[in-house]
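Here's a sequence, model it:
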Amino acid sequence: MSKLVTLLLSIAISHCIMAPRSVAQSQTNLIVPGTRIGKMVLGANGAAILKKFGRPDVLDAGMSQTRQVWLGKGSSKASLFIHTTANGVIDAKPMAGVTIDVIRTSSTEFHTASGISVGSTLAQVKRSYPLIHRSISERQSVIFCDRRHGIAFEFMLNKQNARCRAITVFLPGHGFLPTYHEISSLIQTSRR
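Predicted structure coming up:
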């Protein structure tokens, strides 16, 4: 009987030791509306956050704002897009810093608490986010957005079986939402 107790106790201890690691890993890839995508966090401390990610592959700066893109390596077509605004312009602290107000990813590695990620269907997204509405339509994309909570989902087609191609989080109420077309143009312009 004592061998069984010892075995059960060792299993319980190993489970407790391993559990925080899996929770931490899932937190690293978590999308939180109006707050973050993984380790990239919205807010006025943008300069410190951006330093951790190194130089972007594409940088478009001007008029107290930047648009930055990191491209996936190897066969990955995923991208990370960040929009910043100078803190002095929006009266945020520290005055010399920048506010990250929009983050967009096309990577399948990130997910919401309900399991929504790039690749989810429009029907799945609508079940998890019933307040989304069609916000932007252009020839290649349609974006469904919940401005109150700060999250948007981009699709190639406006059909129930369409797959999400990008997820954007933004400061609630923010007006700017980047599209696939805009980011593609930004990348093409930088390569000229």
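
Give me the residues contacting stretch 60-73.
50, 53, 56-59, 78-86, 88-89, 98, 107, 178, 183, 186-187, 189-190 (CB atoms under 8 Å, 6 or more residues apart in numbering). The C-beta positions use only the backbone N, C-alpha and C, and glycine is treated the same way.

try it again with 6 Å
56-59, 78-86, 89, 186 (CB atoms under 6 Å, 6 or more residues apart in numbering).

next one: stretch 100-110
By CB under 6 Å, 6+ apart, stretch 100-110 touches 29, 31, 37-38, 40, 42, 46, 78-85, 117-119, 166-171, 174, 176, 178.

Next step: the residues you listed restricted to strands.
Cross-referencing those against strands under DSSP state E gives 31, 37, 40, 79-85, 166-170.

Mind checking which of the contacts of stretch 100-110 are buried?
Among the contacts of stretch 100-110, those scoring as buried are 31, 37-38, 40, 42, 46, 78-85, 117-118, 166-171, 174, 178 (criterion: 16 or more other CB atoms under 10 Å).

okay, Gln25: pLDDT?
Note for Gln25: predicted pLDDT of 48.

start to end distance for stretch 135-147?
The straight-line separation of the ends of stretch 135-147 (CA to CA, to the nearest Å) is 9 Å.

Centre of the chain to it, how far?
In terms of CA atoms, centre = their mean, to the nearest Å, the centre of stretch 135-147 is set 16 Å apart from its chain centre.

Please identify the buried residues of it?
141-147.

with those in mind, which one is nearest to Asn161?
Val142 (13.6 Å; CB to CB).

if I look at that closest one, how far off is Asn29?
Distance, Val142 to Asn29, using CB to CB, to the nearest Å: 25 Å.

Do you know the pLDDT at the residue most central in space within the chain?
Compute the mean C-alpha point of the chain, and by CA atoms, centre = their mean the closest residue is Ile37, 3.6 Å away. Ile37 is assigned 97 on the pLDDT scale.

Which residues are in contact with it?
31, 103, 105, 110, 169.

before we move on, what about Gln140?
Per CB under 6 Å, 6+ apart, neighbours of Gln140: 180-181.

do the same with Val58
69, 186-187, 190.

Ranking by neighbours, what's the top pick from these?
Among these, Val69 has the most neighbours (other CB atoms under 10 Å), with 20 neighbours.

so how far is Phe53 from that one?
11 Å.

residue ranges with poor pLDDT in this protein?
1-26, 157-160, 192 (pLDDT under 70).

returning to what we had before: beta partners of the residue nearest to the centre of the chain?
Ile37 forms beta bridges with Ile31, Met40, as assigned by DSSP bridges.

cool, Arg104 as well?
Assigned bridge partners for Arg104, using DSSP bridges, are Phe81, Thr168.

ok, it to Lys93 distance?
25 Å.

How about Ala113?
Separation of Ala113 from Lys93 (CB to CB): 30 Å.

Many thanks, have a good one.
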